[in-house]
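Peer 1: Next input, structure requested:
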Amino acid sequence: MTSVRGWSPRGYRDGRGWLQGAPPPRWVRVLPVVLLGVVAAATLLSPNGHDFGFLLGAIPPLAVLSYGPLATAVLSCLVVVLLNVPATHLNHPGDTDLLTVTFVAVLSVFVSYVRSHRDAQLLTERAVGEAVQRAVLPPLPERVGAVGCVGLYRAAQHGTLVGGDFFDVRDGPYGVRAVMGDVRGHGLAAVSTVVSLLGAFREAVLDEQDLESVAARMDRRLTVDSADVPHAELFATVLLLEFSADLRSVRVVVCGHPAPVLLRDGRTQELAVPPGAPLGIGLVGVEQAKEVTVELGPGDRLFVASDGVWEARDKAGSFYPLAERLAGFAGAEAAALTELVWADLTRHFEVRDDATMLVLTPVIA
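Peer 2: A predicted model of the protein is given here:
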């Protein structure tokens, strides 16, 4: 499974930049050391090198970005020493300038001390949050029963690992079942609803004999959760799948969610599944979602995506043509398919919601 929990190509989990809390890049760490060496060399080798002496005042603040209080103090002391070495031509900067640099150095050590302790606390809090969110949405196995699984999740709220989208694949007494859903809203505010719906799905997989009953169980859970909350307006779009024992067919139930795309022989086809009402709506007279059976053949794959993928827009306001773009990637391995779509999507389209993709490959004997 590829997800926000994985290590990014830049070497830090969830792809955060160093301005958003990730460790600074190497060039930021070496900059104060290199700057100190350059100024020292210039002042020793050139009679006009003292013109660069003003750069020494920038070294302690730069050290704060990357180093703890001890290393910052060492660099700060080297700066003050360099200002007092006669050979550097900087030993007469004036009392005011020397006091200013010394004050900045001491202040930088203090700021570094505060920053290092705060960073340690943030890392602890993030580790706890990550453990909790992993419990909510654990990594997807590469295979559930005889169905290969590949998923990708990108939360819309920066810095979070779980938002309003969710998916799961479970094996049970009635076959391998999968769910993808999108609850109202996104980010941390939607996580409690995601927990309730995933719990209801995992129980229903073991108890309910058909997908319509699974959807009804999840709908009841959502209705109960919102009953005592004024103006809760909790609802969710959900897609449910169930593979037959011989994997020659898949049953599909759609509750307001985009239908799956079938990849077959290098072509793509958006399955025609009658959509039912989203869960939690509770409208009188609205027809409930109906189960549809789709025949499968060797090599067929199902690609499921959330609204965040289907409704991404380009600068002209056009929606992302998922089925059309998938045809160009149909020959790719399942493990690479989600990443190819994500790279294509983010290259020219703006994603404004949680984006989730799931590729299911039944291994037909």
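
Peer 1: check contacts around residue 327.
Peer 2: Listed by CB atoms under 8 Å, 6 or more residues apart in numbering, the contact partners of residue 327 are 266-268. For the C-beta atoms, the positions are set from N, CA and C on the backbone; glycine is no exception.

Peer 1: Name the SS class of it, please.
Peer 2: Following DSSP: H, G, I helix; E, B strand; the rest coil, we place residue 327 in the helix state.

Peer 1: which residues of the chain score low on pLDDT?
Peer 2: Scanning the chain with the threshold set as pLDDT under 70 gives 1-22, 46-53, 86-97, 129-130, 132-133, 156-163, 185-189, 228-233, 282-287, 365.

Peer 1: can I have stretch 336-351 written out in CSV, keeping just the CAs?
Peer 2: The C-alpha coordinates for stretch 336-351 follow below in CSV (Å, rounded to 0.1, in the frame of the first residue of the first chain):
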residue,chain,number,x,y,z
ALA,A,336,2.4,1.6,-9.8
LEU,A,337,-1.1,2.4,-11.1
THR,A,338,-2.2,4.6,-8.2
GLU,A,339,1.1,6.6,-8.2
LEU,A,340,0.9,7.2,-12.0
VAL,A,341,-2.6,8.5,-11.6
TRP,A,342,-1.7,10.7,-8.7
ALA,A,343,1.3,12.2,-10.5
ASP,A,344,-0.8,12.8,-13.6
LEU,A,345,-3.6,14.3,-11.5
THR,A,346,-1.5,16.7,-9.5
ARG,A,347,0.5,17.8,-12.6
HIS,A,348,-2.3,19.8,-14.2
PHE,A,349,-5.3,19.6,-11.8
GLU,A,350,-6.0,21.1,-8.3
VAL,A,351,-7.1,18.6,-5.7
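
Peer 1: Mind listing residues that contact that stretch?
Peer 2: So stretch 336-351 is contacted by 2, 150-152, 154, 156, 301, 303, 305, 308-309, 312-314, 320, 322, 325-326, 329, 332, 355, 357-359 (CB under 8 Å, 6+ apart).

Peer 1: Of the residues you listed, select the buried ones using a ChimeraX command.
Peer 2: In ChimeraX, a selection of the buried entries from these looks like this (16 or more other CB atoms under 10 Å):
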select :2,150,151,152,154,156,301,303,305,308,309,312,320,322,326,329,332,355,357,358,359
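
Peer 1: Residue 102: neighbouring residues, count only.
Peer 2: Neighbourhood size, residue 102 [other CB atoms under 10 Å]: 15.

Peer 1: Work out for me the element the residue lying closest to it once chain neighbours are set aside sits within.
Peer 2: Distance criterion CB to CB, 6 or more residues apart in numbering; nearest residue to residue 102, sequence neighbours excluded, is residue 80 at 5.9 Å. Assessed by DSSP states H and E, residue 80 sits inside helix 69-83.

Peer 1: could you say what helices and strands that helix packs with?
Peer 2: Helix 69-83 sits against helix 26-45, helix 59-66, helix 95-136, with contacts defined as 3 or more CB pairs under 8 Å, 6 or more residues apart in numbering; DSSP states H and E.

Peer 1: Give me the next element, helix or strand, following the helix or strand where residue 347 lies.
Peer 2: In this structure, residue 347 sits in helix 334-348 according to DSSP H and E. As assigned by DSSP H and E, the chain's next helix or strand after helix 334-348 is strand 355-362.

Peer 1: Can you tell me what sits against that following strand?
Peer 2: Applying CB under 8 Å, 6+ apart, the contact partners of strand 355-362 are 146-154, 156, 165-167, 169, 178, 180, 182, 241, 243, 247, 250, 296, 300-306, 308-309, 312, 334, 337-338, 341-342, 345.
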